[in-house]
Structure formats: C-alpha cells, structure tokens
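A.B. asks: got a predicted structure here, sequence first:
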Amino acid sequence: MDPNLINSLRITEVEEDEIEKEDDEEMEIEKNNEFDEEEEEDEELDVQLGFVEKPKNPRLLLRQNFPSKAGGVPAWLDPVSLPKEKDRTCGFCGEPLQFLLQIYASIDGKDSTFHRILYVFMCPKMSCLLKDQHEQWRHKNGNPSRSVKVFRCQLPRNNAYYSEIAPKRDGTDKPLTAGAPLCCWCETWKGEKKCSNCRTAHYCSEKHQVMHWKSEHKNQCNKPMASDPLNSNNKALNKACWPEYEIIIEEEYSESESDKSEGDSSAIVKVTKYNKTDEALQSIMDQFEADEDKKSWAAFQERVSRSPEQILRYCRNETAKPLWPLSIGRPSKNDIPSCVYCKGPLCFEFQIMPQLLYYFGVKNDPNSLDWGTIAVFTCSDSCESNVSYKEEFLWVQLPPAS
C-alpha cells in the first residue's frame, strides 16, 4: 500500500491512538475466540451414533414399538392429529414432503416427554433445497418457506393410543386405537381427500390421487382394500418412499478407542461413502476456497472416520454443537430462532450425515439430492402445547459443490 495514502488517513494523533487501541482490542478478541475454539476442540461430549440396518422383522418398525427408522413411511406417535396440509408440503414446489427419518428421543424426569419422537421430512428435489438455503437465513424475520422440516411429537406414559406397559417387541404388540386414514399413494400424510368413485381410497393431495390412479387404483377401484399396512401390496411405495431401514443407536468411540482400531486403509473412503471414490474426495478438497474450510473438513473427516458408516449423531446437551463439515454456511447464535410455541431457546439435538444418501441409493449426479449435514435444533424445554406435531428448526449445510 502507498505510504502517502496511509499518512493521509492519519488526521490527528488522538485518532491514531484510538485506531491503535481498537486494533489491540480486536487482536485480544481474536485471541479469546481462538482460545474458546481450542477449548471446544479439547472437550468431547458423549455422542450417540445412528447406523442403519435392514429390519429383521418389519413389524418392529410399526408405531406401537416406538421405532427409530429411516426411509419407508413414518410411524406416527400421535396417529390421529397429523400435520396439516400447509405444514406437510414443500414451500417451493408445493408437493408433499417425503419422509426422511425419525428418532425416538424420550426425556427423563418429565411426564409429558415419556414418549417423544422427532420426525424429519424433505423434498427430494435438489433445486428446492438450493432455494431453501436462502430462506433459512431469514428465519428470524418471519415464516420462511422450507423444503426440509422437522416435527416434534410427545406423549405422557398414560395416553389414549398405547399401553403403559413397555412393548414386548416380538411382533405381537398392538396399539390401543386406530389411526387416521393415510394417503394411499405415499402412506405418509393424512388422507383428507377421497376417491369420488369408491369413496374408500384416501389421498393427501390431488397429485398423489392422480399418480395412484394411473399406477394401480384404476384397476382396483371398488375392490376391498387391505387393512394390514404390511400386507397392503402397495406398489406405489417403491416410487413414493426411500428404502426402509431400522436405525441402531450406539455410543461413539473415544479418540483413544478409535486409535486401537487403526489400520483400515479404506477408512478415508468410508468417511465419504456417498462419494464412493478417492477422486471424489479430492474434488471436494479442490473446491475449498479457504484454509478454514480445509481445517474444518479435516476435523470433520477425522471425527467421522472413527465410525465411517454413521448416518446420525445425537447429543442433547446445552453445550453440544453440530460437527460442521465446513466453516462457511454455519449459523451464528443469532441465526437460531426461539421456540415458536413457548418463545424459549432452542438447543442442538442431532444431525443427519450425508452417508444416508448412499443407503437410499441416491445417485451422485450434479442435480441429485445432496447435503453436507442437517443439524436439528429443538425447544430446550421440550414445551407442551395443543399442537400434536410442533415444527422445530433445522439448518442445512450444503457441500461445496452445491
């Protein structure tokens, strides 16, 4: 920089002293921030990891068994008061959202959270997820459109839908009451519309009604419908849902424990299992624009490599934070809104990893659905209200290629 230009900016000695003072303060703040970051890196909270397995007995994924699951259809905790039409559609294309996963996460010491499940839904279109990126930054300025949504539902032990006795999980458990009729196409959302001919087929939207009619209902209209959800023989589910898995929860290995299992030369590939190859990993690295992103990715990669096939990380702790792949695109504390029901603070609860896309068979194409991580924030008090399915907040960080 031209020295004369610098001199022209120095109007008085007083201002020079103030500038130097401000610089010193900024340096001190940076040092404090660095110190805080080092403390955060040194402190590892206990994290529970989610892994997917094909269910040995599909009946164990029905709602009376309170499952954690990915893909297929949701096992609604409250089977009657399901989310309304405006809450279950993509804010951009207007189509019904697709079920991603659900986590059974009860909270001890509070009767109203004896049963508690978090549900995540999303639009399978990457074009909608890209639009969602702009909207999530505006959450505190109103009610933005979203293509990804999370709902919280909770029940006390004594409720109208399930026995107070824990399920046997042997395939014989049954709920106390029937649920609301579901859409015959997606078997996900409440079927508030009916086929005008047979009056027995229910649909959540006109589009699903048309798709079901063209697929199979045209030849089955006015025929008896199966009452058992596992024997419905609904060919439409293969098109309307992702493959179904049971989510198995395990404790994360500590750093010392993971060191004992070193020597797996394929670990680096498994960390980015969705990308499948070392070339894809290098392509991601080449797109990082700053050293901070490389540092974040290295920390992310190291932590995930302890259990490369994890699809979920759970840690409901007031000091817990997501494991971000990148430094860019992270929300600040001010970007996380308050609970819309009690106005209290939200806390981080769990995050969804991109490895889930591999198990869902999503192609690794430029226009295919993709994310770096999806972090879910819920009411720290897990408040109660007259809404059965309370919408919580989530933050999507996309990979650099997006």
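C.D. replies: Okay, I see it.

A.B. asks: in which helix or strand does Leu49 reside?
C.D. replies: Here Leu49 sits within strand 48-53, counting by DSSP states H and E.

A.B. asks: list the helices and strands that strand packs on?
C.D. replies: strand 245-251, strand 312-314 (3 or more CB pairs under 8 Å, 6 or more residues apart in numbering; DSSP states H and E). No exception for glycine: its C-beta is placed from N, CA and C like everyone else's.

A.B. asks: next, the residues that contact it from outside, please.
C.D. replies: With CB atoms under 8 Å, 6 or more residues apart in numbering as the contact definition, strand 48-53 has outside contacts at 68, 70, 103, 245-252, 307, 309-315, 356, 359.

A.B. asks: okay, now the sheet partners of it, with direction.
C.D. replies: According to DSSP bridges, strand 48-53 forms sheet pairs with strand 245-251 (antiparallel), strand 312-314 (antiparallel).

A.B. asks: hmm, back to that, out of the helices and strands packed on strand 48-53, deepest packed?
C.D. replies: Of all the helices and strands packed on strand 48-53, strand 312-314 has the most neighbours on average by mean count of other CB atoms under 10 Å, namely a mean of 23.

A.B. asks: so what touches that strand?
C.D. replies: With CB under 8 Å, 6+ apart, strand 312-314 has contacts from 47-50, 101, 103, 105, 247, 249, 252, 322-323, 349-353, 356.

A.B. asks: of those residues, keep whichever come out buried.
C.D. replies: 47-50, 101, 103, 105, 247, 252, 322-323, 349-353, 356 (16 or more other CB atoms under 10 Å).

A.B. asks: hey, where'd the helices end up in the stretch 201-350 of the chain?
C.D. replies: 206-212, 218-220, 237-240, 255-260, 267-271, 278-286, 291-304 (DSSP state H, counting those that start in this stretch).

A.B. asks: what ranges do the strands span in the stretch 101-250 of the chain?
C.D. replies: Residue ranges of the strands in the stretch 101-250 of the chain, as given by DSSP state E, counting those that start in this stretch, are 115-122, 148-155, 193-194, 202-203, 245-251.

A.B. asks: given the third one, what are its sheet partners and their directions?
C.D. replies: Strand 193-194 has its sheet partners listed here by DSSP bridges as strand 202-203 (antiparallel).

A.B. asks: next one: the first one
C.D. replies: Applying DSSP bridges to the sheet, strand 115-122 is found paired with strand 98-104 (antiparallel), strand 148-155 (antiparallel).

A.B. asks: closest one to Cys204 among these?
C.D. replies: strand 98-104 (11.8 Å; CB to CB).

A.B. asks: low-confidence regions, this protein specifically.
C.D. replies: In the predicted model, the chain carries pLDDT under 70 at residues 1-43, 140-142, 225-239, 255-290, 401-402.

A.B. asks: one more pass at 50, please.
C.D. replies: Counting by pLDDT under 50, the chain has low-confidence residues at 1-22, 24-42, 233, 262-278.

A.B. asks: just to revisit the earlier point, can you put the strands paired with strand 48-53 in a markdown table and add distance to Tyr161?
C.D. replies: Formatted as a markdown table, the strands paired with strand 48-53 follow (distance: least, CB to CB, whole Å):
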| stretch | distance to Tyr161 |
| --- | --- |
| strand 245-251 | 21 |
| strand 312-314 | 25 |
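
A.B. asks: which one, of these, ends up nearest to Arg157?
C.D. replies: The nearest among the strands paired with strand 48-53, by CB to CB, is strand 245-251 at 21.1 Å.

A.B. asks: nearest to Ala375, out of the strands of the stretch 101-250 of the chain?
C.D. replies: strand 148-155 (10.1 Å).

A.B. asks: contacts for that closest one?
C.D. replies: Strand 148-155 is contacted from outside by 76-78, 83, 87, 97, 112-123, 129, 132, 161-162, 374, 376, 378-379, 382, 384, 388-394, 396, using CB under 8 Å, 6+ apart.

A.B. asks: I'd like to know which of the residues you listed are buried.
C.D. replies: Using 16+ other CB under 10 Å, the buried ones in the contacts of strand 148-155 are 76-78, 83, 97, 113-123, 129, 132, 161-162, 374, 376, 378-379, 382, 388-394, 396.

A.B. asks: show me those that map onto helices.
C.D. replies: If you go by DSSP state H, the buried ones among the contacts of strand 148-155 have Leu129, Asp132 in helices.

A.B. asks: now do the end-to-end distance for stretch 54-64.
C.D. replies: Its first and final residues considered, stretch 54-64 spans 19 Å by CA to CA, to the nearest Å.

A.B. asks: okay, buried residues for that stretch please.
C.D. replies: Buried residues in stretch 54-64 (16+ other CB under 10 Å): Arg59, Leu60, Leu61, Leu62, Arg63, Gln64.

A.B. asks: helix/strand/coil for the first one?
C.D. replies: When you say that, I think you mean Arg59. Recorded secondary structure, Arg59: helix (DSSP: H, G, I helix; E, B strand; the rest coil).

A.B. asks: grab the nearest non-local neighbour of it.
C.D. replies: Nearest non-adjacent residue to Arg59, counting by CB to CB, 6 or more residues apart in numbering: Gly171, 4.5 Å away.

A.B. asks: count of residues packed around the one you found?
C.D. replies: Counted with other CB atoms under 10 Å, residues neighbouring Gly171 total 11.

A.B. asks: ok, it touching Pro58?
C.D. replies: No. Using CB atoms under 8 Å, Gly171 is not in contact with Pro58, being 9.2 Å away.

A.B. asks: out of the strands paired with strand 115-122, the one nearest Arg138 is which?
C.D. replies: strand 148-155 (14.7 Å).

A.B. asks: dump the closest one to PDB, restricted to CA.
C.D. replies: What follows is strand 148-155, C-alpha atoms only, in PDB (Å, rounded to 0.1, in the frame of the first residue of the first chain):
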ATOM      1  CA  VAL A 148     -36.900 -29.600   4.800                       C
ATOM      2  CA  LYS A 149     -38.900 -29.700   8.000                       C
ATOM      3  CA  VAL A 150     -38.700 -31.300  11.500                       C
ATOM      4  CA  PHE A 151     -41.600 -32.100  13.800                       C
ATOM      5  CA  ARG A 152     -41.600 -33.000  17.500                       C
ATOM      6  CA  CYS A 153     -44.400 -35.200  19.000                       C
ATOM      7  CA  GLN A 154     -44.600 -36.300  22.600                       C
ATOM      8  CA  LEU A 155     -47.000 -38.100  24.900                       C
END
